[in-house]
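Engineer: Okay, predicted coordinates and the sequence, questions at the end:
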Amino acid sequence: KILDESVRKGLISDQAIAQIQGCLSATFQSTSAEKDVEKNNSTNVETPKEKKKNSLSVSDRGNSDLQFEYKLLRKIIKRAVARMKENDAQGLFLNPVTDDIAPGYSKVISKPICLAEIEKNAIDLHYTSMIKFENDVKLMFENCIKYNIGRPGEWFRGEARKQQKKWRDLVLKSCKEMYNIEMNKRKKITTTTNATPPESAEEKIRAEQQNIKKLAESKKAGDKRKFQSISERNDTTITS
């Protein structure tokens, strides 16, 4: 009301500015206090979802960037496995190899691995870096080449090398590109969020005070120009 009355009169006095500033300060302080009360009340009630979240370790709760990276790796590796299954038309690397299928396999291969196990590792967030996924896939192809020796294993070795080349040149390259793109986006978002903290109640008050001062200065300048214009017209009338 004070501001509206001042605008109608065409003049904002220092007293009016002080009253407006006082109203703004009281309004923002009241709003801030209400938000604090609401926040305290909401934090006292723990929902089932929050209980589940609180059951996690402190490191898991406190590192959202790390969780983002793990979930991104899961998404990328699941897509990679799907493409590798398409390249493996015979299902050579799909399931675990047993001694019934390949006699003496467990004696030759100490660390067996297959696409099904790689996919499960991705779903369970076992892969905390791209290099771990890369090492498992390399091991899978190397196991095939190591076990299938001599002329009887020639076709299997050739198939392993052919699929490994497709994986290295196409699938792995695409995985690394997607990983780098998404992680860079995440870093930009985090940097922007940290660089621009939310405006506090005090900052809002100062901004409003600056706006009021600018309005008052602008009004004074307008009144001065209006007075000069009237004076010039009067001088012109007297002269003539």
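Structural biologist: Now that the structure is in, tell me what you want to look at.
Engineer: Point to the helix or strand of this protein where mean pLDDT is at its lowest.
Structural biologist: Scoring the helices and strands of the chain by mean pLDDT, DSSP states H and E places helix 58-62 at the bottom, with a mean of 44.
Engineer: Residues contacting stretch 103-118, please?
Structural biologist: Residues outside stretch 103-118 that contact it (CB atoms under 8 Å, 6 or more residues apart in numbering): 77, 81, 84-85, 88, 93-99, 133, 136-137, 139-140, 143, 146-147. C-beta coordinates here come from the backbone N, C-alpha and C atoms, glycine included.
Engineer: Please indicate which of these are buried?
Structural biologist: Buried members of the contacts of stretch 103-118, counted by 16 or more other CB atoms under 10 Å: 77, 81, 84, 88, 93, 97, 133, 136-137, 139-140, 143, 147.
Engineer: quick one, helices of the protein?
Structural biologist: For the chain, applying DSSP state H gives helices covering 2-9, 14-44, 48-54, 58-62, 64-87, 105-108, 115-123, 130-147, 154-166, 172-195, 201-239.
Engineer: ranking those helices by mean pLDDT, which is last?
Structural biologist: Note on the helices of the chain: lowest mean pLDDT is at helix 58-62, with a mean of 44.
Engineer: Can you give me the distance of Arg208 to Gln163?
Structural biologist: Just so we're on the same page, residue 208 is Glu rather than Arg. For Glu208, the distance to Gln163 (CB to CB, to the nearest Å) stands at 67 Å.
Engineer: okay, these two: which has more neighbours?
Structural biologist: Taking neighbours as other CB atoms under 10 Å, Glu208 and Gln163 compare with Gln163 leading, 22 against 17.
Engineer: Might you report the residue contacts of the more buried one?
Structural biologist: Residues in contact with Gln163 (CB under 8 Å, 6+ apart) are 84, 87-88, 92-93, 141.
Engineer: Can you pick out the most distant pair from the residues you listed?
Structural biologist: Pairwise distances among those were taken by CB to CB; the largest, 11.8 Å, belongs to Asn87 and Phe141.
Engineer: Identify the contacts common to the two.
Structural biologist: 163, 167.
Engineer: Pick out whichever of the two has more residues nearby.
Structural biologist: When neighbours are counted by other CB under 10 Å, Phe141 comes out ahead of the other of Asn87 and Phe141, with 21 against 14.
Engineer: ok, now how distant is that one from Ala221?
Structural biologist: Here Phe141 is placed at a distance of 79 Å from Ala221 (CB to CB).
Engineer: what residues are up against Glu69?
Structural biologist: Taking CB under 8 Å, 6+ apart as the test, what Glu69 contacts is 128, 183, 186.
Engineer: again, only this time at 7 Å
Structural biologist: By CB atoms under 7 Å, 6 or more residues apart in numbering, the contact set of Glu69 is Met183.
Engineer: again, but for Val137
Structural biologist: By CB under 7 Å, 6+ apart, the residues touching Val137 are 118, 167.
Engineer: what do you get if the cut-off is 10 Å, keeping everything else the same?
Structural biologist: Contact analysis of Val137 by CB atoms under 10 Å, 6 or more residues apart in numbering lists 77, 80-81, 84, 93, 113, 115, 118, 163-164, 167-168, 171-172.
Engineer: got it, and Lys85?
Structural biologist: Residues counted as contacts of Lys85 (CB under 10 Å, 6+ apart) are 91, 93-94, 115-116, 119.
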